[in-house]
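S.K.: Any chance you could fold what I've pasted below:
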Amino acid sequence: MDNGGPAFFSDAVTVSHNPKKFVIDFQQMTPRFSKFGPGEPDHKMVLSHNTIIMDPEVVKDFSNILSSNIKGYEKKFGKLEVKRLKPQVKKDEKIEYTGYIG
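M.R.: Take a look at the predicted model:
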């Protein structure tokens with residue numbers, strides 16, 4: 001049995017579609033620090049992606065399953081509140097995006 005590899009933590013998601021497919025793009029931002037020699041360490045953010053492409057009927061089933069699970073979660077643990085935070089990027093901070101072409 002193939003378990004599909006390690007889990008992927010996502011802190012953002014985008015969804016797009018065309019008449020035949022939905023594209024669900026799970027994203028993860030992680031900081032990277034490195035220090036080579038004297039001076040300040042190099043700091044950058046790395047963006048990773050895991051993309052899933054689904055037929056519209058499968059997306060509809062997934063949406064219903066997810067909605068049902070959210071209701072169960074809220075019944076057990078309380079109402080989920082979505083808080084949107086603006087990213088804090090310093091004036092001269094470098095952000096490097098790697099591992100995704102598209």
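S.K.: Three-state assignment for the spatially most central residue of the chain, please.
M.R.: By Cα atoms, centre = their mean, the chain has its centre lying nearest to residue 27, at 2.7 Å. Counting by DSSP: H, G, I helix; E, B strand; the rest coil, the backbone at residue 27 sits in strand.
S.K.: do residue 67 as well
M.R.: Classification of residue 67 using three-state DSSP returns helix.
S.K.: Over to residue 63?
M.R.: helix.
S.K.: ok, now how distant is it from residue 82?
M.R.: Distance check for residue 63 against residue 82: by Cβ to Cβ, to the nearest Å, it reads 17 Å. To be clear about C-beta, it is placed using only N, CA and C from the backbone, and glycine gets the same treatment.
S.K.: Mind checking which of these two has more residues around it?
M.R.: When neighbours are counted by other Cβ atoms under 10 Å, residue 63 comes out ahead of the other of residue 63 and residue 82, with 11 against 4.
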